[in-house]
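Q: Whatever this is, show me its structure:
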Amino acid sequence: MTTETTTDTMTIREMCETYNVTPRTLRFYEAKELLSPIRQGTRRLFTRRDRARLKLILRGKRFGFSLEDIRQTLDLYDRDGSDAAQRQRIYELALERLASMKDQRDELDQAIADLEAELAEARAMGLVPRQAA
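A: This next block holds a predicted model:
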């Protein structure tokens with residue numbers, strides 16, 4: 001990832017290089033009204049606000065938040081111009097997501113243990129083809 005420029009706007013190419021996303025991704029977020037770049041003909045210019053929003057979108061996606069959760073969180077900031085409500089909602093979403101991820105991990109750990117037991121039983125019974133042993 002390259003360092004972010006200090007200019008007020010960035011082109012789609014600069015956004016892609018800076019945030020390691022594709023033009024298609026940026027257009028998708030624009031279509032979903034998560035980003036609203038300035039339009040100059042067919043050219044898109046992304047503002048500091050767009051860059052801040054993209055950072056939050058990418059972080060939210062990395063943690064598994066839905067686009068709707070991300071949209072609602074972004075809209076909280078836009079509503080009153082402060083980030084207090086936004087930070088509170090992000091915290092609540094993060095707690096919910098963490099609990100969900102831990103549940104998924106527990107289920108996966110159990111599935112792995114069960115599968116390992118099945119494989120061990122198959123080996124003990126001599127049911128494993130010679131090539132697979």
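Q: Only C-alpha atoms from now on, for both contacts and neighbour counts.
A: Will do.
Q: which parts of stretch 77-90 are buried?
A: Along stretch 77-90, these residues count as buried under the neighbour rule (16 or more other Cα atoms under 10 Å): 85-86, 89-90.
Q: Any idea how far the helix or strand where Tyr29 lies is from the middle of the chain?
A: Mapping Tyr29 onto the secondary structure by DSSP states H and E places it in helix 23-31. Average the C-alpha atoms of helix 23-31, do the same for its chain, and the two points are 14 Å apart (Cα atoms, centre = their mean, to the nearest Å).
Q: what does stretch 49-57 give?
A: Using Cα atoms, centre = their mean, we find the averaged C-alpha position of stretch 49-57 to lie 12 Å away from the chain's own average C-alpha position.
Q: Specify the angle between the helix or strand of the chain with the lowest mean pLDDT and helix 23-31 in degrees.
A: Of all helical and strand segments in the chain, the minimum by mean pLDDT, DSSP states H and E falls on helix 67-80, at a mean of 81. On the basis of axes from the mean of the first three to the mean of the last three Cα atoms, to 10 degrees, helix 67-80 is oriented at 60 degrees to helix 23-31.
Q: Quick check: buried residues in helix 67-80?
A: If you call a residue buried by 16+ other Cα under 10 Å, then helix 67-80 has these buried ones: 69-71, 73-74, 76.
Q: elements contacting the helix or strand immediately after it in the chain?
A: Scanning forward in sequence from helix 67-80, with DSSP H and E defining helices and strands, the next element found is helix 84-124. Contact here means 3 or more Cα pairs under 8 Å, 6 or more residues apart in numbering; DSSP states H and E; on that basis helix 84-124 packs against helix 67-80.
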